[in-house]
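S.K.: Need coordinates for the below:
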Amino acid sequence: MKKLGILLSGRGSNFLAIHRALADGRIPGAEIAVVLSNKPDAPGLEAARSLGLVAQAIPQQGKGPEARAAHDASMIAALTDYEVDLVCLAGYMRIITPAFVEAFPNRILNVHPSLLPAFPGLDAQHQAFDYGAKVAGCTVHFVDEAVDHGVIILQKAVPVVDTDTAETLSARILEQEHIAYPEAIARVLSGNYRIEGRRYLPVG
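M.R.: Numbering: from 1, shown residues only. Reported below is the predicted structural model:
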């Protein structure tokens, strides 16, 4: 049984989508080992506890690079204690350190609400809407040392219609995130892929 570690900072809608996919058998042979947050009051933690999952808050103590490194070290230690095979960032609003990436090479995933490499960073949906993009979407990718940069596993597109607002577009993108993230997790856990340069290629 493969073990997932979920990191979140908010309500955790993608975490709940992953949990539903596990219950439905869409991510076979896996379970959530632990849900971690940097925010003690993150609603996603309470949602996890209500589902009977282990949920733990690890807030950063202090400010600056040393405090940031110490916080990531604590997160790595917790994920290691729970023998996590794959780390899933689900609305985790922090940039993780290179040491974190090195601790789980090609074993950290993230879902971003744009068709990368377009519109990285915060408020990607609003960036796409304000830019006048005609197609938007989401990307599930491996996490590397750069922000929203790792190898792309899959993307799902949504049209931007003339009557859209940034909010309606964001909602449609989120629907696709909830489909894409479990699908990408299942693909990665299957092990039936190889990476060539920046390309994720299925095998078998």
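S.K.: ok, now which ones touch residue 32?
M.R.: With contact set as C-beta atoms under 8 Å, 6 or more residues apart in numbering, residue 32 has these partners: 3-6, 18-19, 22, 48, 53. C-beta here means a position set from N, CA and C on the backbone, and glycine is covered the same way.
S.K.: Tell me where this structure has strands.
M.R.: 2-8, 30-37, 55-57, 86-89, 108-112, 135-142, 152-159, 193-196, 199-202 (DSSP state E).
S.K.: Of all those strands, which one comes closest to residue 98?
M.R.: strand 108-112 (11.8 Å; C-beta to C-beta).
S.K.: Report the strands that pair with that closest one, each with its relative direction.
M.R.: strand 86-89 (parallel), strand 135-142 (antiparallel) (DSSP bridges).
S.K.: And the longest helix seen in the chain, what's buried?
M.R.: For the chain, the longest helix by residue count, based on DSSP state H, is helix 166-190. Buried residues in helix 166-190, counted by 16 or more other C-beta atoms under 10 Å: 169-170, 172-174, 176-178, 180-189.
S.K.: just to revisit the earlier point, quick one: which of the strands paired with strand 108-112 is nearest residue 62?
M.R.: The nearest among those, by C-beta to C-beta, is strand 86-89 at 22.8 Å.
S.K.: any idea of the mean pLDDT in the closest one?
M.R.: Averaged across strand 86-89, pLDDT comes to 98.
S.K.: starting at the chain centroid, how far to that strand?
M.R.: 6 Å (C-alpha atoms, centre = their mean, to the nearest Å).
S.K.: Just send the strands of the chain back as TSV, with distance to residue 126 too.
M.R.: Listed next are those as TSV, based on distance: least, C-beta to C-beta, whole Å:
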stretch	distance to residue 126
strand 2-8	21
strand 30-37	24
strand 55-57	29
strand 86-89	20
strand 108-112	14
strand 135-142	10
strand 152-159	15
strand 193-196	31
strand 199-202	28
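S.K.: picking up where we left off before, from the contacts of residue 32, list just the buried residues.
M.R.: By 16+ other C-beta under 10 Å, these give 4-6, 18-19, 22, 48, 53 as buried.
S.K.: Name the nearest of those relative to residue 89.
M.R.: Using C-beta to C-beta, the buried ones among the contacts of residue 32 come closest to residue 89 at residue 6, 8.3 Å.
S.K.: In contact with the closest one, which residues?
M.R.: Contacts of residue 6 (C-beta under 8 Å, 6+ apart): 12, 15, 18, 32, 34-36, 48, 88, 90.
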